[in-house]
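>>> Dropping the sequence and predicted coords here.
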Amino acid sequence: MDERLAANQANWDDRVPIHLASRFYDVDRWVAREPMPLERESTLIGSVAGKTLVQLQCHIGLETLQWARAGAQVTGVDFSRAAIAAATDLAARTGLSSRATFVCADVYEADIALAASTFDVVYVSLGSLGWLPDVRRWARVVANVLAPGGTFFIHDVHPLSSCLDDQGERFAYGYFEEPGRPFVSDTDSTYTDGGPLAHTRNYEWNHSLGEIIQALLDEGLVLDALHEHDWTVFQQFPWLVEDAGTYRIPDQHPRVPLTFSLLAHAPVVGTKTA
Ligand SMILES: C[S@@+](CC[C@H](N)C(=O)[O-])C[C@H]1O[C@@H](n2cnc3c(N)ncnc32)[C@H](O)[C@@H]1O
C-alpha cells in the first residue's frame, strides 16, 4: 500500500475507539433509537427494500446498518480493521447481522475484495473522497461494483470548502487534484470530541467537482442529479451555526458550498469502453 494511505490507515484505526466513545456519534443512543436512513438521501435513492447495497469507506457502519434496517442486504468496506470490527459488533448489537457483511479492504481494491460482486446501490457518505489521491481510480471501482441499472449516490465535502483554511477565512489549498501534493497534517485530534490520537500524520487530497463528475462519466455512469449545499453535518469552520443536527452559514456570511450530493446510475446495457 502507498505509504501515505498506510499512515492514514493507522490514523483511522486510532480514531475508531475515540469515535465509539464520542458524543458526536453517540453510539449507545444510535443503538437505542434504531434510526432509518436520512430522509433527504432515501428520497433521492428510492426504496432499497430487497436490494443489495455497498457502502465504500463505511467507517463504523452506522449508515450502512441504517440501509439494512430499510430492507437492503448491505456490505460495508473500509480499510480500518478497527472500524470493520466495530461495524460487525454493531450489526450484532442491532440484530442486523443477517443483513450485513463488513469487509476490510482499501477502497481501491474493493472490487477485488468483493470477488467481483455487483450491487444495486453504491453509497458513499461525508468524509470519504478527501482520503484518496486519485479520483479516476476510485470511479473505476465504483463502476466495477455497480450492477447494470444500479444507483450510485455520494454526499461529500464540497471541494471548494476544502480549499479554505481551518478558520474558513482564506484560500489555503488547491482546488484541483494533485496526487503528488497531498495536504499533510500532524494533529492528535479528530473531528469528534475525545482523543488524543497516537498516529497523528495524515494525508488528504482535493478533487474538483468537475474531476469527480468527469471520472464517473468516463466510467459510463449517467448523471441524474447534482446538488451543492450551503450546510454540512460537522463544525467544519468555527463560524458555522448548529441548527438541528446540521451546520449552516450565518445570515451575514457569504454563502459558499459546503457539501454536494450526486446521484447517477449505470446503464442497463453497458456503455463502458475498455
Ligand atoms: C468519515 S468516514 C466516512 C463514513 C461516514 N461518513 C461516517 O462518518 O461514519 C471515512 C472512512 O474512510 C475510510 N478510509 C479512508 N481511506 C480509505 C481507503 N483508502 N480505503 C478504504 N477506506 C478508507 C476511513 O477508515 C474512515 O472509516
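It's in.

>>> Identify the residue nearest the residue of the stretch 101-250 of the chain at minimum distance from the ligand in space, chain neighbours excluded?
Closest to the ligand within the stretch 101-250 of the chain is Gly127: 2.9 Å, counting by Cβ to the nearest ligand atom. C-beta here means a position set from N, CA and C on the backbone, and glycine is covered the same way. Spatial nearest neighbour of Gly127, excluding adjacent residues (Cβ to Cβ, 6 or more residues apart in numbering): Val157 at 6.6 Å.

>>> picking up where we left off before, I'd like to know how many residues surround the residue of the stretch 101-250 of the chain closest to the ligand.
By other Cβ atoms under 10 Å, the residues close to Gly127 number 15.

>>> do the same with Ala92
Ala92 has 10 nearby residues by other Cβ under 10 Å.

>>> And what about it, helix, strand or coil?
Put simply, Ala92 is helix when judged by DSSP: H, G, I helix; E, B strand; the rest coil.

>>> any idea how far it lies from Thr187?
33 Å (Cβ to Cβ, to the nearest Å).

>>> What of Ser125?
Per Cβ to Cβ, Ser125 is found 22 Å from Thr187.

>>> Run through the bridge partners of the residue nearest to Gly127.
With DSSP bridges as the criterion, Val157 is bridged to Thr259.

>>> how close does it sit to Ser128?
According to Cβ to Cβ, Val157 stands 9 Å off from Ser128.

>>> Please identify which of Ser125 and Thr187 sits among more neighbours.
Ser125 (21 against 13).

>>> And what about the nearest residue to the more buried one once chain neighbours are set aside, helix, strand or coil?
Computed as Cβ to Cβ, 6+ apart, the closest residue to Ser125 that is not its neighbour in sequence is Glu63, at 5.3 Å. Assigned state for Glu63: helix (three-state reduction, three-state DSSP).

>>> OK, contacts around the nearest residue to Ser128 once chain neighbours are set aside?
Using Cβ to Cβ, 6+ apart and skipping the chain neighbours, the partner closest in space to Ser128 is Gln57 (4.2 Å). Taking Cβ atoms under 8 Å, 6 or more residues apart in numbering, we find Gln57 in contact with Val77, Asp78, Val107, Val124, Ser125, Gly127, Ser128, Trp131.
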